[in-house]
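In: structure for this input, please:
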Amino acid sequence: MIYLTNFHAIEERIKSGRAYGPLLLAKAGPRAKEIVTLAVNSKIRVDRVGAFDLDKLAPDNRGIALGVDDIDDAGADIDLEDFINALGERRSVLVLILDEITDPHNYGAILRSCDQFGVDLVVSRNRRSAKHAAVVSKTSAGAVSWVPQAETPNLVRAAEDLKNAGFWIYGADMGGEPVYKKNMTGRTVLVLGSEGAGISRLLRERCDGMVGIPSLGRIDSLNVSVAAGVLLYEVQRQNRHNPAVPL
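Out: Numbers count the residues shown, from 1 in each chain. So this is what the prediction gives:
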């Protein structure tokens, strides 16, 4: 069993309705008491345990920990084909494809930005992306429990399916056209590549264009999770200021 120890992660997992517990409590501080009340109201079992025992199960705890079977199941429960079929005539849709994001801190931070900027779906490879449960949940501040995710063995095929559904696909690249010069409204897919290798060749070939973030810095590029936040903000800014594209 995996144990979540971050207050935000525990709280958001319970609120999402995907928490079954138990909630282990060793130290009942004010914040922990609020979470216990939330758990009780959600009919989640609360067990009092000794601090030593909790430290063995969840070393990075702050007096409380929530047991979960598999954090990956919190968000990765959307079938891509079902997602596309359910869109109907909806024109403003934002999908993020993560190509080999291996750092769980980056993965979690990206999910947090996805929650803030209204990403409709995150697509990742099902076996090779980083999904270290506790780190992802903590870094995302619980967003992993809310952001819809789909996992696939073939990102290139997923991109083709999205393109056939009327999506325009843009890859993130520091040498790409400034994102604010591109029309990112409507059905849009943004592809983020790995921290080292970037977007894989075959996936890059499926992109309709490459977009970047103009920089005045002296180092090579932004961290991928920071870049994700900037790019996602720009996509939503364009959609919010384009009355021709209903949300």
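In: can we go C-alpha only for contacts and neighbour counts from here?
Out: Fine.
In: got the confidence number for N242?
Out: Per-residue confidence (pLDDT) for N242: 68.
In: show me the strands paired with the strand ranked longest in the chain, marking each as parallel or antiparallel.
Out: For the chain, the strand reaching the highest residue count under DSSP state E is reported as strand 168-178. Counting by DSSP bridges, the strands paired with strand 168-178 are strand 187-192 (parallel), strand 209-212 (parallel).
In: could you export those as a markdown table, including mean pLDDT?
Out: Listed next are the strands paired with strand 168-178 as a markdown table, based on pLDDT from 0 to 100:
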| stretch | mean pLDDT |
| --- | --- |
| strand 187-192 | 96 |
| strand 209-212 | 95 |
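In: Y233 - how many residues pack around it?
Out: Residues near Y233, counting by other CA atoms under 10 Å, number 17.
In: center of the chain, which residue is that?
Out: L111 (2.4 Å; CA atoms, centre = their mean).
In: restrict the host helix or strand of it to CA atoms and write it as CSV.
Out: Counting by DSSP states H and E, the element that carries L111 is helix 104-116. Taking C-alpha atoms only, helix 104-116 is exported to CSV below (Å, rounded to 0.1, in the frame of the first residue of the first chain):
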residue,chain,number,x,y,z
PRO,A,104,8.1,12.7,-11.0
HIS,A,105,8.5,16.2,-9.6
ASN,A,106,8.1,17.7,-13.1
TYR,A,107,5.1,15.3,-13.8
GLY,A,108,3.4,16.5,-10.6
ALA,A,109,4.1,20.2,-11.2
ILE,A,110,2.7,19.8,-14.8
LEU,A,111,-0.5,18.2,-13.4
ARG,A,112,-0.9,21.2,-11.1
SER,A,113,-0.7,23.6,-14.0
CYS,A,114,-3.2,21.4,-15.9
ASP,A,115,-5.7,21.8,-13.1
GLN,A,116,-5.2,25.6,-12.9
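In: show me the strands in this structure, by range?
Out: Under DSSP E, the chain gives strands at 2-4, 23-25, 46-48, 64-68, 93-98, 121-125, 149-152, 168-178, 187-192, 209-212.
In: where in the chain is pLDDT low?
Out: In the predicted model, the chain carries pLDDT under 70 at residues 70-76, 126-135, 137-143, 145-146, 216-221, 242-247.
In: again, only this time at 80
Out: Within the chain, the stretches with pLDDT under 80 are 1, 16, 18-19, 69-77, 126-146, 195-196, 216-222, 241-247.
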